[in-house]
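# the amino acid sequence is not available; the structure is as follows:
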């Protein structure tokens, strides 16, 4: 069974980004269908939003990070109020998608 996890590091503060809402969607035709949603924990991670019985579909999935609400809590303006990351799920492997975040930039990669 494949799994998908994520975590966010706020590189402007050097700390995990706690309380960021993230939606996970799967592309079906021309539409995006929600699979699940969650919020990052005190370590900036979402590790349990898919239970063991949920099979992540192959194809394109999108993570939508509500970064604007996260920065608004600290009254920090941001250039990227929403970050969308689309990845191709090819098999039943574990997929880990980290997000390195600052108010004026971000980076992501396939983690382990």
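Yes, it's here. Because the structure is a prediction, the values reported are computed rather than measured.
# pLDDT on stretch 8-15, on average?
Stretch 8-15 shows an average pLDDT of 97 in the prediction.
# all helices of the protein, in order?
67-72 (DSSP state H).
# tell me where it has strands.
Assigned by DSSP state E, the strands in the chain fall at 3-10, 15-16, 21-28, 31-39, 45-46, 59-65, 83-89, 94-102, 105-108.
# pipe these into a markdown table and attach distance to residue 52 and mean neighbour count per row.
All C-beta spots, glycine's among them, are computed from the backbone N, C-alpha and C. Listed next are the strands of the chain as a markdown table, based on distance: least, C-beta to C-beta, whole Å; neighbours: other C-beta atoms under 10 Å:
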| stretch | distance to residue 52 | mean neighbour count |
| --- | --- | --- |
| strand 3-10 | 9 | 21 |
| strand 15-16 | 25 | 14 |
| strand 21-28 | 16 | 17 |
| strand 31-39 | 13 | 14 |
| strand 45-46 | 16 | 21 |
| strand 59-65 | 18 | 18 |
| strand 83-89 | 17 | 14 |
| strand 94-102 | 13 | 19 |
| strand 105-108 | 26 | 14 |
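# and residue 74, which of these is closest to it?
Between residue 74 and the strands of the chain, the shortest gap by C-beta to C-beta is with strand 3-10, which sits at 9.5 Å.
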